[in-house]
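Chemist: Need a 3D model of the sequence below.
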Amino acid sequence: MADKKLANKAKQEGQLIGKRALEMPFLVTELNLGLKDGDEVDMAYLELAAEAAQSKATNAGIMIIAADNKNVLAMAVIGKDKAGATSALDWLNSTQVKGEGDADKAKGVLVCDKDNGQFPMKIKDQVNSEAFAFLRKHDLLPKPESSDDEAPAFSLNDL
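Modeler: Next comes the predicted model:
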């Protein structure tokens with residue numbers, strides 16, 4: 001890992017991710033390191049962020065996604081309470097970022113080819129969507145509360 005400032009930023013972001021993960025069973029989020037044009041994301045930064053996040057939210061499933069000018073990186077971790085629901089490797093491999101790992105932790109890098117229309121920022125957004133689609137498909141996201149019993153905020157009868 002080349003930059004101590006980025007490492008510290010990754011830990012701080014990880015703590016914030018962990019706080020957000022306390023509110024939900026699974027979280028898909030981006031690691032924002034404030035990179036300058038030309039800077040590269042190192043997988044070690046995702047690992048630091050995931051470790052910090054899990055120290056706050058030990059039972060959550062968390063996928064952290066990052067991109068630079070060449071690559072899309074992703075890391076999935078599954079907390080102890082979620083171990084039976086899915087595996088980190090299955091979750092990660094449901095996206096374009098195929099990786100390696102096990103049930104508890106998986107990581108991968110997708111090298112993008114801009115000449116063939118693979119732009120990292122666009123693919124990062126697609127990976128985010130794919131990760132959420134996996135969670136929805138396996139009923140791992142909380143169901144939105146139904147508001148069928150509530151009166152509508154506005155009705156034509158009010159006129």
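Chemist: Just the strands from the chain, written as ranges.
Modeler: Here the chain has its strands, by DSSP state E, at 26-30, 61-67, 71-78, 100-101, 105-111.
Chemist: so what secondary structure elements neighbour the last one?
Modeler: Right, the one you point to is strand 105-111. Under the contact definition 3 or more C-beta pairs under 8 Å, 6 or more residues apart in numbering; DSSP states H and E, strand 105-111 sits against helix 43-56, strand 71-78, helix 88-93, strand 100-101. The way it works is simple: take the backbone N, C-alpha and C, and place the C-beta from them, glycine included.
Chemist: which one of those is the most hemmed in?
Modeler: strand 71-78 (a mean of 27; mean count of other C-beta atoms under 10 Å).
Chemist: Can you say which of the helices and strands packed on strand 105-111 is nearest to residue 138?
Modeler: Nearest to residue 138 among those is helix 88-93 (8.9 Å), distances taken as C-beta to C-beta.
Chemist: Distance of residue 85 relative to residue 134?
Modeler: Distance, residue 85 to residue 134, using C-beta to C-beta, to the nearest Å: 11 Å.
Chemist: list residues touching both of the two?
Modeler: residue 140 (C-beta atoms under 8 Å, 6 or more residues apart in numbering).
Chemist: Those two - which one has more neighbours?
Modeler: Shown here are residue 85 and residue 134; by other C-beta atoms under 10 Å, residue 134 has more neighbours (22 against 16).
Chemist: can you tell me how far that one sits from residue 143?
Modeler: The gap separating residue 134 from residue 143 is 16 Å, by C-beta to C-beta.
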